[in-house]
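Chemist: how does the following fold in three dimensions:
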Amino acid sequence: MTDSASLRVLILAARALQGRHGTLVLARPQPLVARMQEITGADKILDIEGFWRAAAVRAGSGHEVVGHDSGV
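Modeler: Numbers count the residues shown, from 1 in each chain. Sure thing, here's the model as predicted:
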């Protein structure tokens, strides 16, 4: 579950990466987390992907993809 402080950290990290031409991709967030991002509008700022392989492609080669069931 994501609270407002956690959501703020994700948004700040995404903005910092965008400033460096990078991307923060959230791979397969838990349904409640995805819904909170949708309700707050954070899904417009955060890059959310429903599949691991697609998230890895969006993040770019050589990047690690971390999520709630990735085993990382």
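
Chemist: Leu46 is in contact with Leu12, isn't it?
Modeler: No - taking C-beta atoms under 8 Å as the definition, Leu46 is not a contact partner of Leu12, at 10.9 Å. All C-beta atoms are positioned from the backbone trio N, CA, C, and that covers glycine.

Chemist: more crowded one of these two?
Modeler: Between Leu46 and Leu12, counted using other C-beta atoms under 10 Å, Leu46 has the larger neighbour count: 20 against 12.

Chemist: next up, the contacts around the more buried one.
Modeler: For Leu46, the residues meeting the contact criterion (C-beta atoms under 8 Å, 6 or more residues apart in numbering) are Leu10, Ile11, Ala14, Leu24, Leu26, Gln37.

Chemist: ok, and the closest non-adjacent residue to it?
Modeler: In space, and not counting its chain neighbours, Leu46 is closest to Ala14: 5.4 Å by C-beta to C-beta, 6 or more residues apart in numbering.

Chemist: doesn't Glu38 belong to a helix?
Modeler: Yes - applying DSSP: H, G, I helix; E, B strand; the rest coil, one finds Glu38 inside a helix.
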